Each structure stands twice: as C-alpha cells, then as structure tokens.
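Novice: No letters, just coordinates:
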C-alpha cells in the first residue's frame, strides 16, 4: 500500500530533477571544457562546482541511473535493503585472500548516479587533525594538505542543521564552528536522526570512551558520540551527491549528465614520443565510452578530463588507456602509452568485523523483518511525520585508540616489532617498486607516531540495535539482537588492483591483501574482543541474553582469530590506488591531483588518499572534490 502512495507522492519533495537529454547520448563530435568520468560522490561534486563557471561546459559520464525515487535510497531506516546491494552495487569481487583462509570477499560501491552516497549508511564524521596533516607531511610538507587548509572546504561542502533540543537530550553534542551553514554555498545537507534507540544511549556508557564534543571537530580519537548524517533534516531523507550537487542545478545549460554509459578509455594526442621513453607531457583529447546497447562513442575535451570513478575503477580506466605498469599492460594486451608503474598499487581498505548477542530490548531493527505489523506501523509513522525507526540509520561511534586495546607492555612490544620490520613489509607490499616501498615505509613511520600519541584509532566500534554480522537471515535464529561493529581503521596491509584484459567489460583483479601484515589481525581481533565485553558491560548487561557470535565457546585468542578470518568483510572504504605522493615515493598524482607525466588529467576521488584515515570517508571525499574544483579555478585563471 505505502509503495502505491509513494508513486503519487510529489516528486519535488524528494528533489528529483531531470533535464532534456538526461540519460541520452552525445554524438561523436561533441566537445566540452571538462569531461568528468564518474557521477558519484566526488564526480558530481566537482562537476557541479565547475558548472558555476558559466563560460565553461561540463559533462558527466555515469554508468548507473538516477534512483533517488527508490525508498531504500531516500528513507534513512531502509539503508542496505531492497536493491541497495544488488542492482545498485558494483559488488567488486576480490581474488581469494590468503589470510582469510582463501575466501573471496566483496567490496561494495554504488552503481548509480550519486555513487556510494546512494547506498552507504550516511555516516559523516571526519578523521583526526594529525591524520590529515600526514597528507602534507608525506608530500614534502605541502601546506595545501593539512587540517587547517582542508577545514574551510569541509565547511564549504556542508549545509548543517543544528540539532533539536530532543536530539541534544538524546546525546548529540556539536560544535557549530566546525560545520558549514552557508545556504548559498553549502551543498550536502548534514544533520541528526529523529529517532534514538535506548540501546545506543546505553552503549555510550558501556563503551568507556569520553563523550566527543563533535565527531567532526578534528579530535575524535578515543571518544564516543552520535555520528552526523548526510541527511536532509527538513524532510528526514538521505542527501546524496545527487541531492546536494546535481538536482538543484540540473537546469544549468552548461551542465550535462549522461547515465547508462560505460567509459572504455581516455583518448590521447599521439604527438611526441610514447611509452617508457616519453619526455613530453601526455595530453587527453577525449573520452571513449559505450552505451548500454553496445554502441561506442566519444566526447572531446578542451581543457581537462577528471577521473572520479572510485578507488577500483579509476586505475582500471587509466590502465585501459595505456597508463600504468608497462609489464602489466602488455600482459593484459594493452598498448602502453605512459609508464607509471604504481597505478593500482598501495590499495588499503578498512575491514569489518562483529560481535553480537541476543537481547530482550523492546525495540530493535530486527522487528522490521520479524514483525510485519511493526514494519507497517513504522512505515505509516515515517510518512505521517518522519518519526519512528525508519527516520534513522542509527550510528553512535566509538574510536578506540591503541591504549584502549593493549596494556602498555603489550603495546610497546607490538610497536617495537612493527618498527623493526617496517622496511620488510614495505618492500613486500610494493610489488617490486622501490619508490613505492619508500612511500609505504614513510606511511608506517607516521602510523607508529600517531599510535604512540593516541592520535590514530586502530579500531572503530559502533552499536547496531539489531543483528549485524556475517550470517544470513535464513541461517540464524529469528530473534532480536544487539551488535557491535568492529572496524579495523588503520590497516598496515597494502594490496593492488589491475586489469588482466584489454576488454573494458572484464573485471579487474582485486587483491586487498587483507591481514597480510600480522599486526592487522592482532589489532582487529582485539577490537572484536572489546566489543564482546561491551555487550556485557553495564548498562548493556541489562538487555544481554547471551552471545551469538563469535560464540561463547570461542574463549581463546586463537579461536577468535580463526572466526575473524572466516567472517570479516570489506568496510567499503578502499583508498590509495592513485596515491597523492611524490613520484620518488611511488605517487601517481601530485598535490594538485594531476597525474605525473600527463598535462590535463586529474584524479578526484578516494583513490588519491595516500594513507588510510580513522573515519568513514564520505565527507573526506567531498572535501577532496571541493579542493580540486578550487585548484582548477586557480589554474584556469592563469591560462
């Protein structure tokens, strides 16, 4: 019934916008100043900002479609349901992971206009100041990449709604000075949910962490708080990059979006030398793409190509375009144009684990599945006044620093062992590239320094008022649960992703190398153990009805480690495959996000992040796009 009601509901309420030609195809002779590959988090953000230059033309090429009307997209409490992880998901498959007992895993990424902002959990905090400062440190102390230089762009992208009195009483703390409230320039609507589970409030006390003044203030490590959400607080709906950067500006005549198109490669001006001996900068002249019915077409570019296809797809597009490791390209049947051997390397990903228990709590998210009457009541509440469990994708986050996980003696031993072996593992993960080995070792030195000062949380713990874990609904007891998500936030393992075919329709070979560094498993297991103990810590112990997973019989570290290896998955925060690092440290892009050796192609997405951050990455990716738009404006003014 409620879906029938939705079909006649005013689409304007959900900010759905369409333009003439939306989803259509350009002829082969069309030309734009800026061609943006990928209409996801960063792609729509930078395209929208560039379209503010009214004398410039911008086109976005996106494989997915506009799905803002789907309930599982715009209703917060339906996050992760419906098509979210099926047709709206690229679902990248990894190769079998040696240290996960040979399992393959899936890295989720949004396959729709809006990218992963369509399917993520809308969690919108930031990392620690010193972690952003590390980007500058790794890049010859470049002042463009520090917390102080990034904060104005974090504020610029936001349109923040102050919490209500009820939300403050439910535990929301905030510092308005770190948020953006400019209605003329802010884009992503950020706010807090209208519903709070009792379990979440109880967990704040059980966690043992200090309350965070604001998880976006640059000092969240070792604290607990209610996460801000990418949420339109006025009508309690998700605010994706479509809501923020496209729909309000879709009628701009210089801003065009094509959906249902798949980019094959970047087209180059073939003057000058090619291959490993190239001395003149490579120049992009267009982008080739294919339509859903297989037609191959292209658009021409006057100024720049901006690749925003994500950490997995961006290096694939560059490799198919002949830019990458010459040996890998030749083996895949691709003609090398520019030898850039670290394209696709330095991949890092957060790893997701769990602890969960049966509960006697009166309300959990499980009831949406277990009790049809409850689900119907909640649907009615949401449509009536935006209240109830569907008004929230609830997340209270706790950032566990190293001293929360280990005793001083244990921590000293782990740090010493890691420091003694930094060069060994850096070389192991460098795929034979000595420059990259130097870059990875520099990352490790920063991680060790931040851990010792409790400025980098190795693990995030957050409470799910319902089941969260690896077991499918049909395979677990149909009961109510309380779960603690335990996410490895600072992995030392580094993997890679590369093409093994010249066919753009073929998938890349993806190897995150999960747990390849032994410290990753030790830390993550410790985080899961801490989550288990929290479930039995007052006041959560009052609703505890016995552990389900990992399982009460798993009492030793060895058995928990084995369960962990057999159950964990990607947290879908892959970074680093087009790393912003100096060339002699294995970098692919410079600090203006331009590819080394290429005149007019920038990378603007999570792939440029040189070192993992202890935070959900969505707000950081938006910030990168905002800074990149500023770089382009500055560079354009000099031409």
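Specialist: That came through fine. This one's a predicted model, so the numbers in the text were calculated from it and none came from an experiment.
Novice: Kindly list the longest strand within this protein.
Specialist: Longest strand in the chain, counting residues (DSSP state E): strand 296-307.
Novice: secondary structure class for residue 615?
Specialist: Judged by DSSP: H, G, I helix; E, B strand; the rest coil, the three-state class of residue 615 is coil.
Novice: what's near enough to touch residue 87?
Specialist: Taking Cβ atoms under 8 Å, 6 or more residues apart in numbering, we find residue 87 in contact with residue 111. Any C-beta I mention is one placed from the backbone N, CA and C, and that applies to glycine too.
Novice: For it, what is the enclosing helix or strand?
Specialist: Counting by DSSP states H and E, no helix or strand carries residue 87.
Novice: Would you mind measuring from it to residue 261?
Specialist: 17 Å (Cβ to Cβ, to the nearest Å).
Novice: Before we move on, what's the pLDDT of the nearest residue to residue 82 once chain neighbours are set aside?
Specialist: Distances taken as Cβ to Cβ, 6 or more residues apart in numbering put residue 72 closest to residue 82, at 3.4 Å, once the chain neighbours are dropped. With respect to pLDDT, residue 72 has a value of 95.
Novice: ditto for residue 281
Specialist: 86.
Novice: That one reaches residue 597, doesn't it?
Specialist: Yes: if you go by Cβ atoms under 8 Å, residue 281 and residue 597 touch, sitting 6.2 Å apart.
Novice: More neighbours: which of the two?
Specialist: residue 597 (18 against 15; other Cβ atoms under 10 Å).
Novice: which residues does that one contact?
Specialist: Residues counted as contacts of residue 597 (Cβ under 8 Å, 6+ apart) are 278, 281-282, 338, 340.
Novice: Go through stretch 163-170 and flag the buried ones.
Specialist: Residues of stretch 163-170 classed as buried: 163, 167, 170 (neighbour count, 16 or more other Cβ atoms under 10 Å).
Novice: In this structure the residue nearest to residue 82 contacts residue 84, no?
Specialist: Yes: using Cβ under 8 Å, residue 72 is in contact with residue 84, at 5.2 Å.
Novice: on that earlier part again, quick check: the residue nearest to residue 82 is in a helix.
Specialist: Yes: checked against three-state DSSP, residue 72 lies within a helix.
Novice: do you know how far it is from residue 563?
Specialist: For residue 72, the distance to residue 563 under the criterion Cβ to Cβ works out to 30 Å.
Novice: what do you get for residue 108?
Specialist: Distance, residue 108 to residue 563, by Cβ to Cβ: 22 Å.
Novice: quick one: which of the contacts of residue 597 has the most company?
Specialist: Neighbour counts for the contacts of residue 597 peak at residue 340, which has 27 neighbours (criterion: other Cβ under 10 Å).
Novice: Am I right that it is in contact with residue 596?
Specialist: Yes: proximity of residue 340 to residue 596 meets the contact threshold set by Cβ under 8 Å, at 6.4 Å.
Novice: Quickly list what's touching both of the two.
Specialist: Counting by Cβ under 8 Å, 6+ apart, the residues touching both residue 340 and residue 596 are residue 588.
Novice: circling back: with secondary structure, pLDDT and distance to residue 453 as added columns, please give the buried residues of stretch 163-170 in a markdown table.
Specialist: Below are the buried residues of stretch 163-170 laid out as a markdown table (DSSP: H, G, I helix; E, B strand; the rest coil; pLDDT from 0 to 100; distance: Cβ to Cβ, whole Å):
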| residue | secondary structure | pLDDT | distance to residue 453 |
| --- | --- | --- | --- |
| 163 | coil | 95 | 31 |
| 167 | helix | 93 | 32 |
| 170 | coil | 91 | 32 |
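Novice: Let me know the closest of these to residue 327.
Specialist: Checking the buried residues of stretch 163-170 against residue 327 with Cβ to Cβ, the nearest one is residue 163 at 54.2 Å.
Novice: what residues are up against the closest one?
Specialist: Per Cβ under 8 Å, 6+ apart, neighbours of residue 163: 172, 174, 191-192.
Novice: Columns distance to residue 386, pLDDT and neighbour count on top of these, output as TSV?
Specialist: Below are the contacts of residue 163 laid out as TSV (distance: Cβ to Cβ, whole Å; pLDDT from 0 to 100; neighbours: other Cβ atoms under 10 Å):
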residue	distance to residue 386	pLDDT	neighbour count
172	17	95	22
174	20	95	22
191	12	96	25
192	13	94	23
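Novice: Just give me the closest of these to residue 604.
Specialist: Nearest to residue 604 among the contacts of residue 163, with distances taken as Cβ to Cβ, is residue 191, at 25.9 Å.
Novice: Was I right to think that closest one contacts residue 232?
Specialist: Yes: in this structure, residue 191 is within contact of residue 232 by Cβ under 8 Å, at 7.3 Å.
Novice: Quick check: what element follows the worst-scoring helix or strand of the chain on mean pLDDT along the chain?
Specialist: Least confident element among the helices and strands of the chain, by mean pLDDT, DSSP states H and E: helix 2-8 (a mean of 35). Next helix or strand after helix 2-8 toward the C-terminus (DSSP H and E): strand 31-37.
Novice: name the helices or strands packed onto that next one?
Specialist: helix 41-50, strand 58-62, strand 284-291, strand 296-307 (3 or more Cβ pairs under 8 Å, 6 or more residues apart in numbering; DSSP states H and E).
Novice: average pLDDT across the host helix or strand of residue 130?
Specialist: Secondary-structure assignment from DSSP H and E places residue 130 in helix 129-138. The pLDDT scores in helix 129-138 average 98.
Novice: Mind listing what's buried along whichever helix or strand comes after that helix?
Specialist: Using DSSP H and E, the next helix or strand after helix 129-138 towards the C-terminus is helix 147-157. Judged by neighbour count using 16+ other Cβ under 10 Å, the buried positions of helix 147-157 are 147, 149-151, 153-157.
Novice: for stretch 442-456, same thing?
Specialist: Within stretch 442-456, the residues scored as buried using 16+ other Cβ under 10 Å are 442-448, 450-451, 454-456.
Novice: what is the mean pLDDT for it?
Specialist: Over the span of stretch 442-456, the pLDDT mean works out to 95.
Novice: what sits up against that stretch?
Specialist: For stretch 442-456, contacts defined as Cβ under 8 Å, 6+ apart pick out 128, 130-131, 134, 137-138, 221-222, 401-403, 411, 415, 418-419, 422, 425-426, 458, 489-490, 492, 585, 610-611, 614.
Novice: And the strands in the stretch 351-500 of the chain?
Specialist: All strands of the stretch 351-500 of the chain, identified by DSSP state E, counting those that start in this stretch, fall at 351-359, 396-400, 459-464, 481-488, 496-498.
Novice: in its sheet, what does the last one sit against?
Specialist: With DSSP bridges as the criterion, the sheet partners recorded for strand 496-498 are strand 509-511 (antiparallel).
Novice: Any buried residues in the partner strand, and which?
Specialist: 509-511.
Novice: Including pLDDT and distance to residue 348, could the residues you listed go into JSON lines?
Specialist: Putting the buried residues of strand 509-511 into JSON lines (pLDDT from 0 to 100; distance: Cβ to Cβ, whole Å) gives the following:
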{"residue": "509", "pLDDT": "98", "distance to residue 348": "17"}
{"residue": "510", "pLDDT": "98", "distance to residue 348": "13"}
{"residue": "511", "pLDDT": "98", "distance to residue 348": "12"}
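Novice: The residue nearest to residue 440 when sequence neighbours are not counted: what's it in contact with?
Specialist: In space, and not counting its chain neighbours, residue 440 is closest to residue 426: 4.0 Å by Cβ to Cβ, 6+ apart. Residue 426 makes contact with 437-438, 440-441, 444, according to Cβ under 8 Å, 6+ apart.
Novice: again with residue 232
Specialist: Taking Cβ under 8 Å, 6+ apart, we find residue 232 in contact with 189, 191, 238-239, 243.
Novice: If you rank those residues by neighbours, which is first?
Specialist: residue 238 (28 neighbours).
Novice: Just the buried subset of the contacts of stretch 442-456, written out for PyMOL, thanks.
Specialist: Buried residues within those, by 16+ other Cβ under 10 Å, are selected in PyMOL with:
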select buried, resi 128+130+131+134+137+138+221+222+401+402+415+418+422+425+426+458+489+490+492+585+610+611+614
